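Participant: 3D, please:
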Amino acid sequence: MGVITLQFGLELQPEFFESNLIPHFLIILLPLGVSIYSFGVSKLYGGSKVFGRAYFALGLAYFATFVAELLYVYFLDILNQEVPIVADYFLFSFYPLLLAHLIINIRYLSEKISNFQKITIGLVPGILTLGYTLLVFGNPVENISYFYYSLIFVIFATLQLGFVFVGFSLFRKTVLFSTWLLLLVGIFVGTIGDISYHFVEIYNGDWISNASTLWIGSNLIVLYALYKHQKSI
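Facilitator: Model (predicted):
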């Protein structure tokens, strides 16, 4: 990782500084900031079975995103080479780790969720994934193979949003109401960013102007949610 970081700095081209410097560095560094803050909150809980583990999982999720984004920028923008598949492994691992964070929190307040909450968990990803699919097939392309690959990411991204809605409904009457509201908004913005990125990638478009803005905003909101949570401890 240290070698990649050093080469990253040495091999930057002038064109990179002219157009992509700020969004790329924010996309890389903000997940690292969320990760560090999450580990800090986990430590404040002393490794408890609930919040200690939950925020440790959240820290791992955003650290995996940090590594993935670093690899993407290094190989794609610096070396102009194909990004190794390991970057996608790190990127995808964000979803199960974040789901672990959400499920630990939800089980803390409710061992058994209601039928309406179960429907919410299924309905949110169902609607958003269907919308994504209709958008793609409403704008046909010659090579649709990336769509099927991206569908895995879209399903998990929208699934976590369903769990956030359920978590928010459980925490709304606790001192963590504002924290979960911010987390809901942050993950929703990030999910739209994920969907936007994959949609644009299908058509080989420039995702910097839309998805990056959403990702940056999502990370900033989650950072503030962590700050609010820390204040409530």
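Participant: find the residue at the geometric middle of this protein.
Facilitator: Centroid check for the chain by C-alpha atoms, centre = their mean gives Gly190 as the closest residue, at 5.7 Å.
Participant: I figured it hits Thr213, correct?
Facilitator: No - using C-beta atoms under 8 Å, Gly190 is not in contact with Thr213; the gap is 11.4 Å. Glycine gets a C-beta too; all of them are placed from N, C-alpha and C.
Participant: shared neighbours, these two?
Facilitator: By C-beta atoms under 8 Å, 6 or more residues apart in numbering, Gly190 and Thr213 have no common neighbours.
Participant: picking that back up, look up how far Leu26 lies from the residue lying closest to the residue nearest to the centre of the chain once chain neighbours are set aside.
Facilitator: The shortest distance from Gly190 to any non-neighbouring residue, by C-beta to C-beta, 6 or more residues apart in numbering, is to Ser218 (3.3 Å). From Ser218 across to Leu26, the span is 11 Å (C-beta to C-beta, to the nearest Å).
Participant: Leu99 now?
Facilitator: Leu99 is 25 Å from Leu26, by C-beta to C-beta.
Participant: same question for Asp88.
Facilitator: From Asp88 to Leu26 the distance is 21 Å (C-beta to C-beta).
Participant: thinking again about what came up before, which residues touch the residue nearest to Gly190?
Facilitator: Gly186, Ile187, Val189, Gly190, Gly193.
Participant: please apply the same query to Tyr45.
Facilitator: Applying C-beta under 8 Å, 6+ apart, the residues near Tyr45 are Phe51, Gly52, Tyr55, Ile233.
Participant: in helices, which of the residues you listed fall?
Facilitator: Phe51, Gly52, Tyr55 (DSSP state H).
Participant: coming back round to it: in the strand or helix carrying the residue nearest to Gly190, which residues are buried?
Facilitator: Here Ser218, judged by DSSP states H and E, is contained in helix 211-232. Across helix 211-232, burial judged by 16 or more other C-beta atoms under 10 Å covers 211-226, 228-229.
Participant: re the thing from before, measure the residue nearest to Gly190 to Leu30 for me?
Facilitator: 9 Å.
Participant: shared neighbours, those two?
Facilitator: Joint contacts of Ser218 and Leu30 (C-beta under 8 Å, 6+ apart) do not exist.
Participant: all helices for this protein, in order.
Facilitator: Taking DSSP H, the helices of the chain run over residues 2-10, 14-19, 21-44, 51-72, 85-109, 115-137, 145-171, 177-202, 211-232.
Participant: from the chain's centroid, how far away is the longest one?
Facilitator: Counting by C-alpha atoms, centre = their mean, to the nearest Å, helix 145-171 is centred 10 Å from the centre of its parent chain.
Participant: let me see the contact set for the nearest residue to Ile27 once chain neighbours are set aside.
Facilitator: Distance criterion C-beta to C-beta, 6+ apart; nearest residue to Ile27, sequence neighbours excluded, is Glu69 at 5.3 Å. Residues in contact with Glu69 (C-beta under 8 Å, 6+ apart) are Ile27, Ile28, Pro31.
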